[in-house]
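A.B. asks: sequence and predicted structure below; questions after.
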Amino acid sequence: MERSDSLTPDTSLDMSSTVNRRKSGRAIQKPVLLNKDPNISQVSIRNSGKRKRTDPPIHDVTDLSDAESEDETSDDESDPDEEELKERRRKAPRPKKAPSKSVAKKPRPGPSLTTSLAVRPAVNGAKKAARPKQPRARPAQNAEDSGTGLYSEVFAEGHTLEAVAANWIARWEQNNAEAMCDLINFVIKCTGCNSQVDVHDIEDQDNTPSKLGDIQEEYQALKPTEYPLISKAKANASFRSTLSGFFATLISTCHAGGLLYSDLAILENIEVWVHTMSSSTLRPFRHTATVIALTIGNTLCTVAADIADNAAKTMRQKEGEQKKKSVNKERVKALEAKIAEGDRRRTQVLDSMKYLLDAVFIHRYRDVDPRIRLECVTALGNWITTLPDVYFDGMHLRYLGWVLSDISTPTRAEVVKQLGKLFKNKDHAPRLRTFTEKFRARIVEMAIRDSEVSIRAATVELLDMIRKTGLLEPDDIDTVGRLIFDTEPRVRKAVAGFFAENINDLYETTLEDFGGEEGLAEILGEEVEDDFDTPRSSWLKLKCVAEALQSYDAEEDEQNSELRENGGGGGLIATGVDSRYAMAARTIYDGITVAREWEVLAGYLLFDLSNAAEPSEGADATLESRCKLNDKEAVLLLELLNVAVKARLSEAVEAETDKRGHKTKALKEESRRIQESTALHLAKVLPQLLKKFGSNPSTASAVLRLGQVLNLEIFQELRQDSTTYASLLDDINRQFLTHTDQGVLAEASTALLHARGFEDLEEVTESKVQELWDDTISTLRALMSSREDDNIAELCNTVRRIANLASISDCVDVLDTEGRSAAKKKASPQTTASPLSLLIELIRDPELDNGAGEEADETLISAMKAVLFYYMWTVRSLQDAIPTGREISKYPEFASFVQCLETVVDNRPAASPVRLAAVGTLLDLYTLFATFRHVQIPPNHQNADDIQSLIQHIPTSAESLILSTYTALEKSFAKKSHRTLEAAPDDDLASDPEDSSDDEDEDEPNHAQQETLMAEKRLCEVAGKMVLAILGHVLDYEDPNKGRISERLRRNKMKLGSNFKEVVAYLDGPKPKGRKRVPAKKGAKKVVKPVEIEDEDEESEEERHLEEGGEEDLRERELVEDRIVDPDEGSVGGEETVRAGADEVEDDELMGD
């Protein structure tokens, strides 16, 4: 059976004509025809039903792409030269007498085996193996919605898109108008509209806008709520992919069959209708048509790229033919004709793409619908990567740059994604230079200030690619490098690679001063692996890390003190929170290898470089002088050391389990070995670090934090000398007694608390803590006995130490002890009053009244904390003793302390840190004793009445002071955050507090956000304590004003932000779990707002009571949208004007053209 398609060249005829023309004496083998091949006869007999075709094949349109799909093979066979004939004769198989089964199954391929179909599917070259087709879900649920004609074929189960496209082209050849009518009705149906066009509408292209306008009015009259392209229904899950796949297959099939070039009416008619629909004011029409148009554009780009590849191959064939000794002129002429035909086709495709770009993309990339803008950005990125020689230029890249300022988060994310594909290849740097210079500032701004964290992280990765191409300025590199201190973990993780490359560049630059790696190796000599106390090359890299961190750290040193000043609102101090340096160090640990070697880092920090002299002018720097650290760099490397030690221990624990989650003996032993070696080495270097860095509060805090990581159980199990551990505690005590910084005191207290957690070493630890108590109380007695104005700073530091000690150790016996004489003789005798009495006396002291200075305020706040801790330990001891039933001889009395607190609150301004601390302490105190309600008192307990008497209600006088303080904080936060409060009723309990805003409006802009956050923190702290007191029935629980404070808290619940709302929500109790939704009644009608894209002159006057599918639901799906007026073309990429709920908006048909 020979191929009978007259439009396909018969290679057998070409072969014979060539041989007859040459008339050489060479033997020529006659081609074997299919019906005469003995190897095929058995297959034909066995499978006659599949192979036999009695009907003549249907002639197809001119298939000029056959030569493209089989460019090299068909050309070689059509005009073979002498060398090719020799090669064929040499490789020709010898005929066999009896064909084997394997030969029958795999017949020899040849030109005569190809068959002709009505339309060739979109496959060039060898046929790919068919992949299993998954049944495609129908987008509609009933017969009416499923449609007829092409729509039902495309979305029907079991129909492949290739077969549907080939079937439609066959109908086009029979009747162009009817086939195009079916296609346009398919497009209209995909928008969710059931209206149709007829053949007369297809023939009259001038009437297309009018006809679409009529269809649009009919569709709008139905008030649709959604359309298939954005529908979340399960039936429409595959709608978009199927729609795009059909048009991509249709264009590819037309290209493969040559119909795209021989019959231009197909693409022209599609363009007339689809491009017109893409400018519709109705969103379903505009969105669906834009997706179809961009899909066609993507396919045309792929077609143009394929044509260019085939043209390049043909050009190479032509050049190879021309280089031969005997040039086949006919072959060269045929190849030139093929190249010319390819150029003509490519030009035609590019013209269609240019028309699509001007008619659709230029208008829709700035559409009001963010989904449409997203579609355009994705398509443009695809065009640039597919056809870089056409679209990879500044004229098209600028659209991506303009959309970087889009208000839609997914659109901006897509732009960053597309730019990442372009910058990933360093060879693209010359083409991207102009674009980068124009939009680099915007990209850097997105990495720093974008509202979406994921976009910031993606932009940082994009900037890393830009840096590798050499298009990033040094200032921009430093700006991005500062993100190592960012508060968002995802941003820090993204910048880790960027920062590591910066360190490598700095390290390589530094190496040049020492003559490179070889010169540095000569200076250092041979490095000993386990000797961490001698200089090595990694020290130089660690120095580069410290220098980079110091240069990137733009935070002022005064910020910590400012935070303490603004944040003194009472309550406990939270310790153990990672600092910004610690978070940056964790990022560096994950990105830089040398940071993982904590032993090397500790040796570098302990090495004495103080005697390293600075090099004179013009002289080369020595390694010691280059590695010398300043105080700030030492702090940064100590933080890195903390992170490295913690990570080493955590990794050792995690290593006990394999990938399957099983623990093996070998893994446990290895993990134990790492933990032991780390603990021993850490116990060795800790005293040395404290000795070297203990004088500076910043470095001392970092070293004390290392003591909290030390595993003391391993220390004890290894039978280490207890004097070593006692010496370490002495060093910690020395830091506690010599430093006045709150950070050092807190870290030292935490280290002591960590040490008290191990029972085997408890005796040694308790003795050291008791020594601290003795020294501190003795100092307090001495200072209180001789009060002078110049000892207020020392008194403040002493009271601060007492508060920290009281937070980690039971202070009841210590603070209750009276009459203890001083250890040393003084000129003036010490007071014999108990320390608790001295602290209460200090709070009552009029010399520390308002205006005495910050140290006086800090003294009062620390004294209130210490006394509150005293009552906490007292309550704990009572609650432990009550269940035992034994008699309790002494009960706490706190009336005098409450009176002191009320005096402080009454004498201080509303926003004073001391007043806020006093209010918080007062609320905590009464809430603390309210916990006795939950204590199980044994029956007939002799002290039951005394225990119940401890539960007291806050006095009315104190309630008014608390409420006035809350009102002042509420107004302060509302003013700073520009919020409007509810009007106070006439019978409001709270008196109007005095204004103490301290010129809040004159704050610098960069401090405005910080001030607002601190005001919110103070408000939520006081409100939270009030809520706890109300729930404990010690506040707002007695007549005559019962419940009034709760109402006061709820008044502005929805006005002061989400944090305050969640705090006040605790007044309403826990939320019910698993509330079932009540199904709507069958007869109930759902009022929904339609998809409204056209302008509306009037709003609906009736209030809509919406259920599922209501206004809020539609707004979430952007079917009801805020109007956006697009900027003019000359200002694309600038600011967009947003007008929510505008009564009149310009028609967006031309989108600002």
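C.D. replies: That came through, no problem.

A.B. asks: shaky segments in the stretch 751-900 of the chain?
C.D. replies: Along the stretch 751-900 of the chain, the parts satisfying pLDDT under 70 run over 787-790, 819-831, 850-852, 887, 889.

A.B. asks: and the helix or strand that residue 511 is a member of, what's buried?
C.D. replies: Element membership of residue 511 [criterion: DSSP states H and E] is helix 489-512. Neighbour counts over helix 489-512 (16 or more other CB atoms under 10 Å) mark 491-496, 498-503, 506-507, 510-511 as buried. Bear in mind the C-beta positions are built from the backbone N, C-alpha and C, glycine included.

A.B. asks: pick out whichever of the residues you listed sits closest to residue 791.
C.D. replies: residue 492 (45.5 Å; CB to CB).

A.B. asks: and that closest one, what's its pLDDT?
C.D. replies: Each residue has a pLDDT score; the one for residue 492 is 91.

A.B. asks: residue 523: neighbouring residues, count only.
C.D. replies: For residue 523, the tally of surrounding residues (other CB atoms under 10 Å) stands at 12.

A.B. asks: go on, residue 593?
C.D. replies: That count, for residue 593 with other CB under 10 Å as the rule, works out to 10.

A.B. asks: does residue 538 touch residue 595 like I think?
C.D. replies: No: counting by CB atoms under 8 Å, residue 538 stays clear of residue 595, with 9.6 Å between them.

A.B. asks: more neighbours, those two?
C.D. replies: Taking other CB under 10 Å, residue 538 and residue 595 do not tie; residue 595 has more neighbours (27 against 17).

A.B. asks: and that one, how far from residue 500?
C.D. replies: 10 Å (CB to CB, to the nearest Å).

A.B. asks: residue 506 too?
C.D. replies: With CB to CB as the criterion, residue 506 and residue 500 are 11 Å apart.

A.B. asks: swap in residue 271?
C.D. replies: 51 Å.

A.B. asks: poorly predicted segments of the stretch 551-700 of the chain, please.
C.D. replies: In the stretch 551-700 of the chain (pLDDT under 70), the answer is 554-577, 612-621.

A.B. asks: show me where it has its helices.
C.D. replies: Taking DSSP state H, counting those that start in this stretch as the test, the helices found in the stretch 551-700 of the chain are 559-566, 580-591, 598-606, 623-627, 631-654, 665-693, 697-707.

A.B. asks: which of those helices sits most buried?
C.D. replies: Mean neighbour count (mean count of other CB atoms under 10 Å) peaks for helix 697-707 among these, with a mean of 24.

A.B. asks: got a list of contacts for it?
C.D. replies: 631, 634-635, 638-639, 641-642, 645, 682, 686, 689-690, 693-694, 728, 732, 735, 739, 741, 743-744, 747-748, 750-751, 754-755 (CB atoms under 8 Å, 6 or more residues apart in numbering).

A.B. asks: run the last query once more with 6 Å
C.D. replies: Residues outside helix 697-707 that contact it (CB atoms under 6 Å, 6 or more residues apart in numbering): 634-635, 638-639, 642, 689-690, 693-694, 735, 739, 741, 743-744, 747-748, 751.

A.B. asks: again, but for stretch 201-221
C.D. replies: 177, 180-181, 193, 195, 272, 276, 282.

A.B. asks: average pLDDT across that stretch?
C.D. replies: 90.

A.B. asks: can you check stretch 246-260 too?
C.D. replies: 92.

A.B. asks: then stretch 515-526?
C.D. replies: 79.

A.B. asks: and the gap between residue 742 and residue 797?
C.D. replies: Residue 742 is 10 Å from residue 797, by CB to CB.

A.B. asks: looking at those two, which has the bigger crowd around it?
C.D. replies: residue 797 (23 against 20).

A.B. asks: sec struct for the nearest residue to the more buried one once chain neighbours are set aside, please.
C.D. replies: Excluding the flanking residues, the one nearest residue 797 by CB to CB, 6 or more residues apart in numbering is residue 740, at 4.3 Å. Reduced to three states with DSSP: H, G, I helix; E, B strand; the rest coil, the structure at residue 740 is coil.

A.B. asks: from residue 952, how far out is residue 740?
C.D. replies: From residue 740 to residue 952 the distance is 37 Å (CB to CB).

A.B. asks: which element is residue 305 on?
C.D. replies: helix 283-322.

A.B. asks: that helix - contacts with which helices or strands?
C.D. replies: Counting contacts by 3 or more CB pairs under 6 Å, 6 or more residues apart in numbering; DSSP states H and E, helix 283-322 packs against helix 71-78, helix 239-257, helix 265-277, helix 329-356, helix 370-386.

A.B. asks: quick one, that helix and helix 239-257 angle?
C.D. replies: Helix 283-322 and helix 239-257 are oriented at 30 degrees to each other (axes from the mean of the first three to the mean of the last three CA atoms, to 10 degrees).

A.B. asks: what mean pLDDT would you report for helix 283-322?
C.D. replies: 93.

A.B. asks: please identify the buried residues of it?
C.D. replies: 283-308, 310-311, 314, 317-318, 321.

A.B. asks: follow-up on the earlier one: turn the helices and strands packed on helix 283-322 into a markdown table, including mean neighbour count and distance to residue 405.
C.D. replies: Listed next are the helices and strands packed on helix 283-322 as a markdown table, based on neighbours: other CB atoms under 10 Å; distance: least, CB to CB, whole Å:
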| stretch | mean neighbour count | distance to residue 405 |
| --- | --- | --- |
| helix 71-78 | 17 | 46 |
| helix 239-257 | 21 | 27 |
| helix 265-277 | 20 | 27 |
| helix 329-356 | 17 | 25 |
| helix 370-386 | 21 | 12 |
